[in-house]
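S.K.: Prediction below, plus the sequence it came from.
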Amino acid sequence: MKKWIRWPGLIAFAVVVLVLMGFWWLLIDSLIKGWIEKSGTRLVGAKVELDKADLTLAPLGLALDNLQITNPRQPMTNILEAGSIDLALEASHLLRRKLIVSLMTADNLRFNTARKTSGAVGPPKSSPDVSNRAGDAASDTLNMPSLAIPDVKEILSREELRTLTAADELKKDINVFREKWQKRLDQLPDQKTFKQHEKRLDKISSAKKSITGVLGKAGEAKAIHDDVSQELAELKKAKKELEKDLASLKKRAAQVKRLPAEDYRRLRDKYGLSSQGAVNVTQILFGDTAGRYLKMAINGYHTLKPLLEMRPATPENQQDVAPLRGKGVDVHFVTDDQLPPFLVRLAKVSATIPSGDISGEIQNLTPFQALLGEPLVFTFSGQNLQDLQNVNIDGVLNHIDPAKAYDKVTAKVEGLKAGKKNGHPPVYIEKGMADLALTATVASNRIDAQLQANVSSASIATTKGAGDGQLGQTLQDALAGISAFDLQADIEGDLGDYRVSLSSNIDDVLKNAVGKQLKKKAGEFEKTLNSAILEKTREPLAKASRQLSDLDSIEDELTSRLGLGDDVLKDAMRKTGLKL
Amino acid sequence: MIEAIAKLLKVLNSETEPGQISLAVCLSMIAGLTPFYSLHNLLVLLLVFLIRVNVSAFILGFVVFSGTAFLLDPLFHKLGLWVLTLPALEGIWTALYGQVLWRMEGFNNSIVMGSILVSLLLAFPLFFCLNVLIRKYRQHILEQIRKLKIVKILKASKFYEIYESATAWGGKA
């Protein structure tokens, strides 16, 4: 036994272990820094950088200095920059390879800060295809609607009238119809056919009155009768088809005659001066801003969502995961202690936003909500900021079951100084004091949000282009007189394609102000438009109508041939004296 | 490379017990095939220091097996994952998963599990096989090799100088 054991080896072992621990202690900060940067970069898809990491053993904690997380969609911008983050770690879980932070204190958080170098780690990520109908429309309709009467001639030269198109098609079809029936008439029994039958009848009448003659006469008469009957049947069938086709054409002609009225309604609605269209200032004032902020919020949500729905490997979901070389995959088992690999139980955060500093708390911060079984809850508040008196934001992000994810945010902002000295012309809010209340939920990838804003001490400015003439002046005067108003925004729909509807009592004020004048002008325009459409469509419609009337001659021809056939049939019976 | 072969030959040709060499190789296989930063490798290191195994053989074996491990990683991963996801063993793994020591060991990693299983399964047969092979080598092959002309030529070469100087690395191996 003594031969196999070398006791001095124990001392050597202890020395080696101590040396290794010494190295570990010297390098651990750099290792943690590298691990955070590497893991963070992989998780975010853009550079995550850290100035310094400092591990302390008693009490067990970690301090991080100047953490920068690049926005993967804008590599020259940090989505978040944290001045300092102190983590109080739970040692017992660390030995189980779980990073459980009992308290995280993050100070001096800043958002969307500029980077000196690009933080891209791959091809730039495109933003999800988010479109909102109100926001996009707002960008297109930033100008105030003109209150001048639209030029009817110009409208008619630009717009295609459905009446003219339909009349042309009808005329073409009438021609096709005529050609078709002309050919058909040539194939049907005509006057010449029936003359031949008459000659055959005359021949029978003059035949000998012998027994053989009488028998022959009866047989020939029967043959003529059958021929004429068959030809008459053909003619009747053709006439029936003709009547059916003709009825269809006449029905279409009647529809075409109604089209000028439809064209008028369509163009009136498009170019007409409705009070609703003329004074939809809410859209001009807020549509663009609402669309921009919403897109920003939804893009942020798309970035955040995958970070809330991660799942550690389990025996069930590990079969298809390809491991990194030399790393393998960790299989996790369900134990009584169902803590995720990473969890911040409570985070106390102070952040700097453009208006000033706000602070708040976040509970249950983990990418593995499914394991924790608790949603992320947050609350932030700020008082006496630069542009607002009070802000309170709280919410729940529940992704315990990603298929039933439910997120809710409520925000209240009081005393928000709104407005710009040099806003977008022609109408913009120069100044105002707003109280906002927002409630937004996202469930099953659908957004449903309501924003209520009450603006007081408002001043709405107008510039050139806010309207012309008397009406324009009326509009500008009405806007200048508004000192308080309410705004209601409703957002609804799929996250990739949502609808924003904005309404405000500003529009009602303006409607009342310009209503009468607008109505008179609208009347004039509608009268002119109607006359012009009728004038433009009169001749094509008349031509189509004439061509349709000409088709009656085909029917007359068929009727005439049927009459001839009947005469021949009656004649046959009379001349032969037979009752067939 | 020449130095490594020389060292191996020196160990094989020395008076060291075959068991000391075989055990060193077996321990080096466990340390080399499994991920280096694993708790069990601390135990392996303790054994290497405490038991009178041939350290040169251990170091040489460790280098060789570490290189092989990279090639065998896909196999270790598949085997480890299969074992860890066996429904019959789920109870055992779950119980171990709840214990700090085993979590520190990282047994639930597919490559750790796969490589430990392979190295432990191979360790015992390898130990006995190597013992037999080393004895046979010393009894039958060593003398014949020494008589070969090529060996005599080699003894006069630089390789032999290295071989001789290898005594200094392992001491009395």
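M.R.: All right, it came through fine.
S.K.: What segments of the stretch 201-350 of chain A are strands?
M.R.: Ranges of strands within the stretch 201-350 of chain A are A:342-353, based on DSSP state E, counting those that start in this stretch.
S.K.: For chain B, give me its nearest residue in it.
M.R.: Going by C-beta to the nearest C-beta, chain B is nearest to A:G328 of the stretch 201-350 of chain A, at 3.2 Å. Placement of C-beta: from N, CA and C, glycine included.
S.K.: Next one, pLDDT for that residue please.
M.R.: Note on A:G328: pLDDT of 84.
S.K.: got the buried residues for the helix ranked longest in chain B?
M.R.: Counting by DSSP state H, the longest helix found in chain B is helix B:55-84. Judged by neighbour count (16 or more other C-beta atoms under 10 Å in any protein chain shown), helix B:55-84 contains these buried residues: B:55-62, B:64-65, B:69, B:72-73, B:76-77, B:79-81, B:83-84.
S.K.: Over to stretch A:443-452?
M.R.: For stretch A:443-452, the neighbour count (16+ other C-beta under 10 Å) marks A:447, A:449, A:451 as buried.
S.K.: residue contacts, the last one?
M.R.: Spelled out, that is A:L451. Taking C-beta atoms under 8 Å, 6 or more residues apart in numbering or on different chains, we find A:L451 in contact with A:436-438, A:487-491.
S.K.: Give me the distance between it and A:A437.
M.R.: From A:L451 across to A:A437, the span is 7 Å (C-beta to C-beta, to the nearest Å).
S.K.: still on that earlier bit, give me the subset of the buried residues of helix B:55-84 that also touch chain A.
M.R.: When C-beta under 8 Å from any C-beta of the partner chain is applied, the members of the buried residues of helix B:55-84 adjacent to chain A are B:73, B:76-77, B:80-81, B:84.
S.K.: pLDDT added to those residues, as JSON lines?
M.R.: Shown next, in JSON lines, are those (pLDDT from 0 to 100):
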{"residue": "B:D73", "pLDDT": "90"}
{"residue": "B:F76", "pLDDT": "93"}
{"residue": "B:H77", "pLDDT": "92"}
{"residue": "B:G80", "pLDDT": "94"}
{"residue": "B:L81", "pLDDT": "92"}
{"residue": "B:L84", "pLDDT": "94"}
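S.K.: now A:D168, nearest residue through space, not along the chain?
M.R.: Nearest residue to A:D168, sequence neighbours excluded (C-beta to C-beta, 6 or more residues apart in numbering or on different chains): A:P540, at 7.1 Å.
S.K.: I'd like to know the average pLDDT value across the host helix or strand of that neighbour.
M.R.: With elements taken from DSSP states H and E, the one containing A:P540 is helix A:505-550. Throughout helix A:505-550, pLDDT has a mean value of 83.
S.K.: about what we covered before: my guess is the residue nearest to A:D168 meets A:T163, correct?
M.R.: Yes. Contact criterion C-beta atoms under 8 Å: A:P540 and A:T163 qualify, at 7.5 Å.
S.K.: Between those two, which is the more surrounded one?
M.R.: Counted by other C-beta atoms under 10 Å in any protein chain shown, A:P540 and A:T163 do not tie: A:T163 has more neighbours, with 24 against 19.
S.K.: quick one: the spatially closest residue to the more buried one that is not a sequence neighbour from A:I533, how far?
M.R.: Spatial nearest neighbour of A:T163, excluding adjacent residues (C-beta to C-beta, 6+ apart): A:L259 at 3.9 Å. A:L259 sits 9 Å away from A:I533 when distances are taken as C-beta to C-beta.
S.K.: For the residue of the stretch 201-350 of chain A closest to chain B, give me its contacts.
M.R.: So A:G328 contacts B:73, B:76-77, B:80, B:109-112, B:114 (C-beta under 8 Å, 6+ apart).
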